[in-house]
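# With the sequence up front, the predicted model follows.
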Amino acid sequence: MLTILILITLIVVFVMIIIAYRAFSQGSEKKPQDHEQADHISIPCIICGSILKRGERLRSTVYTGENESIVHVFGCPHCFGEYAMRERRCPVCKRLLSEEDYLIGRMWKRRSGKQHLRIAGCTRCISSRK
């Protein structure tokens, strides 16, 4: 009887080790996959809608204030600059933007520490509201 209990205990311990090993090895396999997926996650340009690849940035100028900053957003490499191929539209008034037009927005830090940008409009629709 004692040998049967020892045998059952050894089997249970062996099964627990196998389950723990599988759970640990699956957890370590998921991390590189999550990292690979993070490389492919990208955001669209707010002016032309093209998907920005890793390393591509919006061209903007930030005028820093005490609590919030004023931001002028010109566009991404797809819609602003020498090699621009996409048309630029204001997300507020939906008008086509010329090369001189840009978006104006306010930027501030949230409680979480992340930056938040709210676009007020382009140079044309903001000047027409005044």
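Thanks, I have it.
# which other residues reach the helix or strand harbouring Phe74?
Counting by DSSP states H and E, the element that carries Phe74 is strand 68-75. The contact list for strand 68-75, computed with CB atoms under 8 Å, 6 or more residues apart in numbering, reads 45-48, 58-63, 80-81, 84, 88, 102-108, 117, 119. Heads up, the C-betas are built off the backbone N, CA and C, glycines and all.
# what do you get for stretch 85-97?
In contact with stretch 85-97 (CB under 8 Å, 6+ apart) are residues 46-50, 75, 78-80, 101, 103, 119-122, 124-125.
# now Ser128, what's its secondary structure?
Of the three states, Ser128 takes helix under DSSP: H, G, I helix; E, B strand; the rest coil.
# and it, how many neighbours?
Counted with other CB atoms under 10 Å, residues neighbouring Ser128 total 11.
# cool, Leu7 as well?
10.
# Could you do the one 10 residues further on as well?
In terms of burial, Ile17 registers 10 neighbours under the definition other CB under 10 Å.
# Where do the domain boundaries of this protein fall?
1-41, 59-129 (automatic domain parsing).
# so can I have CSV of those domains showing mean pLDDT?
Converted to CSV, those look like this (pLDDT from 0 to 100):
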stretch, mean pLDDT
domain 1-41, 69
domain 59-129, 90
